[in-house]
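*Asks:* All I have is the shape, not the residue letters:
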């Protein structure tokens, strides 16, 4: 489900568990980006390998979330994977099981 959260379009599981936020120049940071939940251990490698594309976002970075720049000609398959991983990082086990069974 999509709804505004803190003024930004955000995506939720069962209307309560956030997993992706769409940010357009958040507090004048100059970025068009997604902030996404991230599985443990994934963020550090992505940020280190491609700092022009990935970053630690403010406010949610301490929870392990990752920022994905959309204004730097991203690989859309990579963006899709980050969104899918965000969902899987926070979804209840029952939903993960039904998602993986598709």
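*Replies:* Arrived safely, thanks for sending. Values in this document were obtained by computation on a predicted structure and should not be read as measured data.
*Asks:* pretty sure residue 90 is in contact with residue 13, am I right?
*Replies:* Yes - shown here, residue 90 and residue 13 form a contact pair, counting by C-beta atoms under 8 Å, at 6.7 Å. (Glycine included, C-beta is placed from N, CA and C.)
*Asks:* Mind picking out the helix or strand in this structure with the poorest mean pLDDT?
*Replies:* For the chain, the helix or strand with the lowest mean confidence is helix 93-100, at a mean of 78 (criterion: mean pLDDT, DSSP states H and E).
*Asks:* Against which helices or strands is the strand ranked longest in the chain packed?
*Replies:* Counting residues, the longest strand in the chain under DSSP state E turns out to be strand 17-24. In terms of contact count using 3 or more C-beta pairs under 8 Å, 6 or more residues apart in numbering; DSSP states H and E, strand 17-24 is assigned the packing partners strand 8-13, strand 32-36, helix 76-90.
*Asks:* could you check the angle strand 8-13 makes with the second one?
*Replies:* For the pair strand 32-36 and strand 8-13, the angle between their directions (axes from the mean of the first three to the mean of the last three C-alpha atoms, to 10 degrees) equals 30 degrees.
*Asks:* Now do stretch 5-20: distance from first to last residue.
*Replies:* Distance between the two ends of stretch 5-20: 10 Å, counting by C-alpha to C-alpha, to the nearest Å.
*Asks:* per-residue pLDDT, residue 76?
*Replies:* In this model, residue 76 is scored at 97, pLDDT.
*Asks:* want to throw the helices and strands packed on strand 17-24 into TSV with distance to residue 20 and mean neighbour count?
*Replies:* Compiled in TSV, these are given as follows (distance: least, C-beta to C-beta, whole Å; neighbours: other C-beta atoms under 10 Å):
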stretch	distance to residue 20	mean neighbour count
strand 8-13	4	16
strand 32-36	5	23
helix 76-90	5	16
